[in-house]
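Q: sequence plus the predicted model coming up.
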Amino acid sequence: MQSDYLKRTIVREEVSSDYLEETRVLQIYLPPGYSAEREYPALILQDGTDYLTMGRIATQTNQLIAEGRIHPPIIVMIPVEKKRRNEEYAPGGERFEAYGRFIVDEVLPRVANRFPISRKPEGRVIGGSSLGATVSLHIALDFPDHFRRVLSQSGAFFKVTQDRIRQSSGLEGLKVYQSIGLEEFAVPTHAGHLDLLARNREVSRMLREKGASLRYVEKEGKHTWGLWQKDLPEALTYFLGKTAEPSA
């Protein structure tokens with residue numbers, strides 16, 4: 001029934017992390033008609049609380065499923081303390097490497113043990129906005145046995161990210177949705193005002209040169225949730241759309 005798609009099913013799952021030396025409470029979206037007897041593609045998101053509240057990802061996903069546009073996913077939303085965000089999401093941050101291991105060695109096994117998410121890297125999308133996109137791309141590059149799908153919204157890319165792409169021998173198995181706002185040419189960051197539009201154009205070029213499958217889109221908008229919320233349906237449809245086989 002249509003009313004079923006108006007209900008958001010969000011469950012909380014605690015993960016005690018040895019890498020981060022703390023406990024994170026994940027918020028996990030389960031789609032309408034969820035069954036433990038089937039396997040689902042998984043979407044792992046940084047800034048999870050923001051995606052749930054400002055991105056309205058649960059509501060938007062429900063709507064896309066109701067319209068028959070996407071295969072139902074399980075969405076894992078990982079919270080972050082804003083004061084530690086740069087440490088975990090920015091390359092070179094004090095907790096950057098530990099955060100990647102936290103995702104791969106602690107979050108994925110815990111979620112896979114509790115919920116029927118895809119066991120294949122092609123069935124898992126990792127993503128985020130701004131620095132959340134940056135750390136997601138790095139995790140996919142560093143751990144291709146776990147992730148080969150990246151959702152990048154307004155990635156805050158630095159030279160170290162470009163260097164990391166250059167180091168890759170080939171990225172033929174990587175699939176990326178990359179979006180950026182046309183007004184993101186002087187975005188205030190912890191490293192000063194950056195032209196993220198130019199940086200995303202360069203990263204998209206480099207990814208293509210390495211053989212990655214890429215949908216790169218530029219849209220009217222600034223470095224805000226107003227842009228990212230509106231962009232989500234296209235991003236979700238790219239990975240989960242009914243025109244293709246389900247990622248799981």
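A: Now that the structure is in, tell me what you want to look at.

Q: run a quick neighbour tally on residue 167.
A: 9 (other Cβ atoms under 10 Å). All C-beta atoms are positioned from the backbone trio N, CA, C, and that covers glycine.

Q: for residue 46, same thing?
A: Residue 46 sits with 28 neighbouring residues when counted by other Cβ under 10 Å.

Q: next: residue 24.
A: 18.

Q: do the same with the one 10 residues further on
A: Residues contacting residue 34 under the criterion other Cβ under 10 Å number 16.

Q: could I get the buried residue list for the helix-or-strand element of the chain with minimal mean pLDDT?
A: One helix or strand of the chain scores below all others by mean pLDDT, DSSP states H and E: strand 187-189, with a mean of 84. Across strand 187-189, burial judged by 16 or more other Cβ atoms under 10 Å covers residue 187.

Q: partner strands of it, with direction?
A: strand 192-194 (antiparallel) (DSSP bridges).

Q: contacts for the strand it pairs with?
A: Strand 192-194 has contacts (Cβ atoms under 8 Å, 6 or more residues apart in numbering) with 156, 186, 187.

Q: go with 10 Å
A: Contacts of strand 192-194 with the rest of the structure, by Cβ atoms under 10 Å, 6 or more residues apart in numbering, involve 156, 157, 158, 184, 185, 186, 187, 188, 223.

Q: is it true that the first one touches residue 131?
A: If I follow you right, that is residue 156. Yes: Residue 156 lies in contact with residue 131 (Cβ atoms under 10 Å); the separation is 4.8 Å.

Q: and for these two, which residues touch both?
A: Residues touching both residue 156 and residue 131 (Cβ under 10 Å, 6+ apart): 89, 90, 91, 189, 190.

Q: how many neighbouring residues does the closest residue to the first one other than its chain neighbours have?
A: If the residues on either side of it in the chain are set aside, residue 89 comes closest to residue 131, at 3.8 Å by Cβ to Cβ, 6 or more residues apart in numbering. Number of residues near residue 131 (other Cβ under 10 Å) recorded here: 25.

Q: cool, residue 215 as well?
A: Number of residues near residue 215 (other Cβ under 10 Å) recorded here: 14.

Q: what does residue 56 give?
A: Around residue 56 there are 16 residues (other Cβ under 10 Å).

Q: got the contact list for it?
A: Going by Cβ under 10 Å, 6+ apart, residue 56 touches 8, 62, 63, 225, 229, 232.

Q: can you tell me which of the residues you listed is nearest residue 208?
A: Minimum distance to residue 208 across the contacts of residue 56 is 23.3 Å, recorded for residue 232 (Cβ to Cβ).

Q: mind listing what that closest one touches?
A: 51, 55, 56, 57, 60, 61, 64, 127, 129, 151, 153, 179.

Q: in helices, which of the residues you listed fall?
A: Secondary structure from DSSP state H places 51, 57, 60, 61, 64 of these in helices.

Q: show me where the chain has helices.
A: Under DSSP H, the chain gives helices at 48-53, 57-66, 85-89, 96-101, 108-114, 131-142, 159-167, 196-209, 225-240.

Q: which residue, other than its chain neighbours, is closest to the one residue sitting closest to the centre of the chain?
A: Among the residues of the chain, the one closest to the centroid is residue 127, at 1.1 Å (Cα atoms, centre = their mean). What sits nearest to residue 127 in space, not counting adjacent residues and going by Cβ to Cβ, 6+ apart, is residue 151, at 2.8 Å.

Q: and the one you found, how far is that from residue 230?
A: 14 Å (Cβ to Cβ, to the nearest Å).

Q: looking only at neighbour counts, state which of the two leads.
A: Neighbours were counted for residue 151 and for residue 230 using other Cβ under 10 Å; residue 151 has more, 28 against 15.

Q: what pLDDT does that one get?
A: Note on residue 151: pLDDT of 98.
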